[in-house]
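Enquirer: just to be clear, the model below is a prediction. Sequence and coordinates:
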Amino acid sequence: MGRLRAGSARVVITPPVGTPLSGYASRVEGSIGVHDDLYAKCLILDDGATRVVVIACDVAGFPKRFVADVRRRVEELTGVPGDNVMVTATHTHTGPNNAAGGQDWINVLARMLAGSAYAAWNNMRDARIGAGRGSCYVGVNRRNPASPRRPYWLYPWPDGPMDPEVQVLRVEDADGNITTLLVNYAAHPTSLKPPQKMLWLSRDYPGHAMGVLERAKGGDVVAMYLNGTCGNVAPRDIWFKPDSPPPLPRPSFPEDLRLAFKETERLGNVLGGEALKVAEEITDLTSDVRIRAARREVELPVRERPFPGPYLEKRLRETRPRQNGEEQEHMERIRSGHKTIQTEVQAFAINDIAIVGLPGEVFVEYGLEIKKGSGFKYTVISELANDSIGYVPTPKAYEEGGYEPTNACFLAPEAGKRLTDAAFSALRAIR
């Protein structure tokens, strides 16, 4: 047990206008403007013996080799071991396509993420930490078996599994001033949907939610978002009315851009308002902490080929060696004939608070299972941490079919259990 020191920082990472966007394969045009800046936000926690770094970045995801570069740079700048650095993506679908931005952009992005850690390290001070939880229903399961389009195909299912929990970590300085609010919730940042002419850079509704907190508590507060296991959870936006299909007409971009961003703002207000309430209710904070960290390398099986549907095979054929796309590294391995991919699960503990980093777009059922069995009072789970491995559906979803297992998953049905087992192993090591 030691005395807590903490530091946080945010760095703008908005790419040049014209950079292609990530999130929808059919949207290939370059961005045409910036609606709101993208950020890398960092929190460093230190108990005098162990120091951990969490970086949350407004992009869709990162390949493993990119994270290794960021970890190396952070270790050089701060001395924090790379194994104690967690790099997560908020998964905004209106952020940059990093591979399309070219190697120069990728190098700059790695430097900016490491720079956020260096800035946080230079802001280290005596601190106190506490946690709380609330709930909201910004998210909704999107695998409706009675979809008016196709079963299990990206259509809201209000009766399906989701995780309403909003978890907040509150970090204060020695004078009681909030320095950092870390928010955890599980829903895809896809309120700014196609048609494909949505070409403005944006953090989507999580960014607006973090803006609610930063405006309410003052400009020096760093509010950062860790997206939970939302592989099958979408935002509950007004364009869909599950009780009266077909869906309401969506905005026609760019003519109705204002309406689209108004809906994003509404969703952000709901989440941000709940997070603010939870943050204000956290009164039990402590400066006496014990910090632990663990990583688990995990080997995940690849499904048998040929893959279902033409899209997966097409993606595999079009993979280019050494690109820094979200899943390129693993697709290179699969294309060369390997039956498994190599990835990792990471976990930090601060007293009775656990932070778990999972790679990929993990179905919410796995997150709920990990939370239930973690043994910690608070279990913050961040998907798309340290790697991007595509979707991780449940075995039942493979049987059902639908978008995620058919169009966007290279992994075998047992992959989710292996990830979950690795998470429990890491959590036992830090309990």
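Expert: Nice, thanks for sending it over.
Enquirer: got the residue ranges for the strands in the stretch 201-350 of the chain?
Expert: Taking DSSP state E, counting those that start in this stretch, the strands of the stretch 201-350 of the chain run over residues 222-227, 233-235, 288-289, 291-301, 340-350.
Enquirer: got those as JSON lines, with mean pLDDT and distance to G367 columns?
Expert: All C-beta atoms are positioned from the backbone trio N, CA, C, and that covers glycine. Compiled in JSON lines, the strands of the stretch 201-350 of the chain are given as follows (pLDDT from 0 to 100; distance: least, C-beta to C-beta, whole Å):
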{"stretch": "strand 222-227", "mean pLDDT": "98", "distance to G367": "11"}
{"stretch": "strand 233-235", "mean pLDDT": "96", "distance to G367": "10"}
{"stretch": "strand 288-289", "mean pLDDT": "98", "distance to G367": "25"}
{"stretch": "strand 291-301", "mean pLDDT": "98", "distance to G367": "16"}
{"stretch": "strand 340-350", "mean pLDDT": "98", "distance to G367": "13"}
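Enquirer: if I look at R335, how far off is N407?
Expert: 18 Å (C-beta to C-beta, to the nearest Å).
Enquirer: looking at those two, which has the bigger crowd around it?
Expert: N407 (20 against 12; other C-beta atoms under 10 Å).
Enquirer: tell me the predicted confidence for the more buried one.
Expert: pLDDT recorded at N407 is 89.
Enquirer: who are the contact partners of I291?
Expert: By C-beta atoms under 8 Å, 6 or more residues apart in numbering, the contact set of I291 is 2, 45-47, 49-52, 348-350.
Enquirer: bridged to it, which residues?
Expert: When bridges are called by DSSP bridges, I291 pairs up with I350.
Enquirer: what's the closest of the strands of the stretch 201-350 of the chain to E281?
Expert: For E281, the closest of these is strand 222-227, at 16.2 Å, according to C-beta to C-beta.
Enquirer: what sits up against that closest one?
Expert: 8-10, 41-43, 54, 56, 88-91, 179-187, 189, 206-207, 209-211, 213-214, 217, 275, 355, 380-384.
Enquirer: just those residues: which are in helices?
Expert: Applying DSSP state H to the contacts of strand 222-227, the entries found in helices are 206-207, 209-211, 213-214, 217, 275.
Enquirer: circling back to that earlier point, now the strands of the stretch 201-350 of the chain in CSV, with distance to K197?
Expert: Output for the strands of the stretch 201-350 of the chain, formatted as CSV (distance: least, C-beta to C-beta, whole Å):
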stretch, distance to K197
strand 222-227, 25
strand 233-235, 20
strand 288-289, 49
strand 291-301, 36
strand 340-350, 34
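Enquirer: which among the ones you listed is found nearest to A415?
Expert: So among the strands of the stretch 201-350 of the chain, strand 291-301 is nearest, using C-beta to C-beta, at 4.4 Å.
Enquirer: could you check the angle that closest one makes with strand 340-350?
Expert: 160 degrees (axes from the mean of the first three to the mean of the last three C-alpha atoms, to 10 degrees).
Enquirer: list the buried residues in strand 291-301.
Expert: With burial defined by 16 or more other C-beta atoms under 10 Å, the residues of strand 291-301 counted as buried are 291-296, 298, 300.
Enquirer: what do you get for stretch 385-395?
Expert: Applying a neighbour-count criterion of 16+ other C-beta under 10 Å, one finds 385-394 buried in stretch 385-395.
Enquirer: can you get me the start-to-end distance on it?
Expert: Distance between the two ends of stretch 385-395: 22 Å, counting by C-alpha to C-alpha, to the nearest Å.
Enquirer: what mean pLDDT does it get?
Expert: Per-residue scores along stretch 385-395 average to 97.
Enquirer: could you do stretch 412-431 as well?
Expert: Mean predicted lDDT for stretch 412-431 stands at 98.
Enquirer: return the helix or strand in the chain with minimum mean pLDDT.
Expert: For the chain, using mean pLDDT, DSSP states H and E, the weakest element among its helices and strands is helix 310-318, scoring a mean of 80.
Enquirer: report how many residues lie close to A187.
Expert: Quick note: A187 (other C-beta under 10 Å) scores 28 neighbours.
Enquirer: make that E400, sorry
Expert: Residues near E400, counting by other C-beta under 10 Å: 16.
Enquirer: what's it in contact with, if anything?
Expert: E400 neighbours (C-beta under 8 Å, 6+ apart): 143, 145, 151-152.
Enquirer: the same query, at a cut-off of 10 Å, please.
Expert: Residues in contact with E400 (C-beta atoms under 10 Å, 6 or more residues apart in numbering) are 143, 145, 151-152, 393-394, 406.
Enquirer: okay then, goodbye and thanks.
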